[in-house]
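> Kindly return the folded structure for what I paste below:
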Amino acid sequence: MLVTSRPETPIRHGFQRMEKGAHHGFVLHNISPDVTNRDIQVFLEHRLSNIALECCLSSDWPGRQILALMVQYAQGLFIWAETACRYIGEEALLAEERLGLLLNRDSGIVTEPERHLDQIYATILGASIPKNCSERDQGVVYGHLALILGSITVLSSTLSTKALGELLAIPTLRVSQTVAKLYSILDIPDDQAQPIRLHHDSFRNFLVDEKRCKDKRLLVTVREAHARLATGCIKVMSSTLREDVCRQKMPGVLLSDVDSDLVKDYLPEQTQYACLYWVSHVVQSGQRLTNNDEVHKFLRKHILHWIEAMSWMGKTTEAIKGMALLELMTKVTFSALTVPPGAIMPVLQSNMKLGRQLCESPCRCLRYKAVSDVREIRYREGTDADVCLNCAVYAHRKYPTSTTSDTTR
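Prediction:
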């Protein structure tokens, strides 16, 4: 007997209660994408050739390029391919026009395949909300669901259940319980160390579009979601980062001499994500930086810790780009380096020796000094923020063999 279904909770639990060996599970989204895409291509070729015949179009319609584009848009979902073909073939006179609408993602028009998927998404999300409970309890569930789905929607990189919980400051168990009924739209691995993924990008588009997501309690406001993640990133880094974060106790130790697993122990998944993407989330949140806000306080205390951590991760270039983004936002100048406003990024970007040294020996290149004298962010009417950060980043030359006192800068 062959049983096919979305991985709804009662069905999954029912099979889990069966004796071992009594059934064999076959998860479609675990198949290689190449295999799935090939099957969808064969399906589309067959259906579209029939449509071409019925609509008096050329035998090679719509062409190999458009066929490949439709396979790409389907992203492994046969339901999209089937609905798209039904939508195109319903009206012979409109077949080509409807195909054009499907392929034009910027038109703003919700097409039939999208409407079909929207109904599926709304049904699945509605089924995940308990019905036999008070309005208050439902509100709690909606709150957790909106927080978690909103975060997954705007993440810059996928995260495991555990890391996502750490970033959002909620227990891992709560994350697992909240998404337990969403196997149909999320790829939720049994191993909580593996990342949660969306099955299809259309779910992300559904959640952020008020025309498609009718339940406003689940509608994702992108800027707010980025702001929450930015706050989570800063809190994770503030509680984790420190001088000599990998506990090497030897400033001259080379990155190549340190086991990568040791770096992962001291810089776990959520910390590495926070270090890599906190600036991006701050920028995309659209928030305005103010005196003594979370960004200001973090930079004042942890900017060198962050640069060191990025160096341990082998992401020195990303750290420089992050500082460039902050400089664009706030006109950051680094007075400790006695360079003109706006000149720090060209200096860092052109100093390849510093970049190489950071990659080779993170602790050796950074001299830690008190940064409590960071000046406040000053606002002048009609201008952007002018931030003066005394971050005390000192680039060292590699220690030469000579021991004369003037060889170390």
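
> Low-confidence regions, this structure specifically.
Across the chain, the ranges flagged by pLDDT under 70 are 105-111, 251-252, 330-409.

> Show me it divided up by domain.
The chain is divided into the following domains under automatic domain parsing: 31-109, 120-220, 223-407.

> among those, which is nearest Gly14?
domain 120-220 (13.5 Å; C-beta to C-beta). To be clear about C-beta, it is placed using only N, CA and C from the backbone, and glycine gets the same treatment.

> and the closest one, how far from the chain's centre?
Centre-to-centre, domain 120-220 and its host chain are 14 Å apart (C-alpha atoms, centre = their mean, to the nearest Å).

> all strands of the stretch 101-250 of the chain, in order?
Per DSSP state E, counting those that start in this stretch, the stretch 101-250 of the chain has strands spanning 186-187, 197-198. These are given in chain order.

> Pull up the pairing partners for the last one, direction included.
When pairing is defined by DSSP bridges, strand 197-198 lines up against strand 186-187 (antiparallel).

> got the contact list for the strand it pairs with?
Applying C-beta atoms under 8 Å, 6 or more residues apart in numbering, the contact partners of strand 186-187 are 29, 152, 179, 196-199.

> Check this structure for its longest helix and report it.
Secondary structure of the chain per DSSP state H: the longest helix is helix 33-54.

> Which strands or helices does whichever helix or strand comes after that one pack on?
Downstream of helix 33-54, the next assigned helix or strand under DSSP states H and E is helix 64-74. Under the contact definition 3 or more C-beta pairs under 8 Å, 6 or more residues apart in numbering; DSSP states H and E, helix 64-74 sits against helix 33-54, helix 78-89, helix 95-103.

> which other helices and strands contact the longest one?
By that I understand helix 33-54. Under the contact definition 3+ C-beta pairs under 8 Å, 6+ apart, helix 33-54 sits against helix 64-74, helix 78-89.

> roughly how far is the first one from the heart of the chain?
Right, helix 64-74. Going by C-alpha atoms, centre = their mean, where helix 64-74 is centred and where its chain is centred differ by 26 Å.

> What residues of it count as buried?
Burial within helix 64-74, assessed by neighbour count using 16 or more other C-beta atoms under 10 Å, is assigned to 66-67, 70-71, 73-74.

> do stretch 9-16 as well
Buried, per 16+ other C-beta under 10 Å, within stretch 9-16: nothing.

> Likewise for stretch 292-305?
Result for stretch 292-305 [16+ other C-beta under 10 Å]: buried residues 294-296, 298-300, 302-305.

> Widest-spaced pair of those?
The span of the buried residues of stretch 292-305, defined through C-beta to C-beta, is set by Glu294 and Leu304 at 17.8 Å.

> thinking again about what came up before, hmm, who's touching the longest helix of the chain?
Under the contact criterion C-beta under 8 Å, 6+ apart, helix 33-54 has outside partners 28, 57-59, 61-62, 67-68, 70-71, 74, 76, 78, 81-82, 85, 88-89, 92, 95.

> Same check on stretch 160-167?
148, 151-152, 159, 171-172, 174-176, 179, 188, 192-196, 229, 232-233, 236, 268-270, 273-274.

> switch to 7 Å and redo it
Defining contact as C-beta atoms under 7 Å, 6 or more residues apart in numbering, one finds that stretch 160-167 is touched by 151, 159, 171-172, 175-176, 192-196, 229, 232-233, 236, 269-270, 273-274.

> Please flag which of these sit within helices.
Using DSSP H, the contacts of stretch 160-167 in helices are 151, 172, 175-176, 229, 232-233, 236, 269-270, 273-274.

> quick revisit: could you dump the buried residues of helix 64-74 into JSON lines with distance to Asp257 added?
Below are the buried residues of helix 64-74 laid out as JSON lines (distance: C-beta to C-beta, whole Å):
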{"residue": "Ile66", "distance to Asp257": "53"}
{"residue": "Leu67", "distance to Asp257": "52"}
{"residue": "Met70", "distance to Asp257": "51"}
{"residue": "Val71", "distance to Asp257": "47"}
{"residue": "Tyr73", "distance to Asp257": "47"}
{"residue": "Ala74", "distance to Asp257": "47"}
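
> For Asp137, state which of those residues is nearest.
The closest of the buried residues of helix 64-74 to Asp137 turns out to be Ala74 (C-beta to C-beta; 38.1 Å).

> so the closest one makes contact with Ala81?
Yes: when contacts are counted by C-beta atoms under 7 Å, Ala74 is listed as touching Ala81 (4.7 Å).
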